[in-house]
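Peer 1: I'd like to go over a predicted model; first the sequence, then the structure.
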Amino acid sequence: MFERVCETDDVWEGELISFDVASRKIILINVDEQFRAYDSQCPHQEQSLCDGKLEGSVLTCPAHLWEFDVMSGQGVNPTGCKLRGYALKIENDDVYVDVEQPI
Ligand code: FES
């Protein structure tokens, strides 16, 4: 079920912000006005990505510096891993995420 998370203006271009959605912590990312939602836990050792560094479309986990392409969620370094993404939609400048729909 989609839940309203915030307005599109709450996450600026190039920003990563964490939110609690249905008892899960997620990160919401805006790259070139395209929004993506991912679980806040890194697929490596489940450390938090909330303080990850976002450069362009590459997110670096602060724990052991694994890198991910946030447009696809795929691991860049190393490859062969993937962020857990969630379905997202925008309606009337509101961002909705469904944490029960992994993508
Ligand atoms: S927990 Fe993210 S790189 Fe290790």
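Peer 2: That came through, no problem.

Peer 1: Now the residue of the chain most remote from its centre, what are its backbone angles?
Peer 2: Within the chain, the residue lying farthest from the chain centre (CA atoms, centre = their mean) is Asn92, at 20.7 Å. Here is the backbone geometry of Asn92 (degrees, to the nearest 10): phi 50, psi 40.

Peer 1: Same question for Thr8.
Peer 2: The phi and psi torsions at Thr8 (degrees, to the nearest 10) take the values phi -60, psi -30.

Peer 1: Flag every residue of this protein that's near the ligand.
Peer 2: Counting by CB under 6 Å from any ligand atom, the positions of the chain adjacent to the ligand are 42, 44-45, 47, 61, 63-64, 66. The C-beta positions use only the backbone N, C-alpha and C, and glycine is treated the same way.

Peer 1: For PyMOL, write the select line for the buried members of those residues.
Peer 2: For the buried members of these, the matching PyMOL selection, counting by 16 or more other CB atoms under 10 Å, is:
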select buried, resi 42+47+61+66
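
Peer 1: Now tabulate the residues of the chain next to the ligand in JSON lines and tack on secondary structure and pLDDT.
Peer 2: Supplementary listing: those in JSON lines, determined by DSSP: H, G, I helix; E, B strand; the rest coil; pLDDT from 0 to 100:
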{"residue": "Cys42", "secondary structure": "coil", "pLDDT": "98"}
{"residue": "His44", "secondary structure": "coil", "pLDDT": "98"}
{"residue": "Gln45", "secondary structure": "coil", "pLDDT": "97"}
{"residue": "Gln47", "secondary structure": "coil", "pLDDT": "97"}
{"residue": "Cys61", "secondary structure": "coil", "pLDDT": "98"}
{"residue": "Ala63", "secondary structure": "coil", "pLDDT": "98"}
{"residue": "His64", "secondary structure": "coil", "pLDDT": "98"}
{"residue": "Trp66", "secondary structure": "coil", "pLDDT": "98"}
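
Peer 1: Done for today, thanks.
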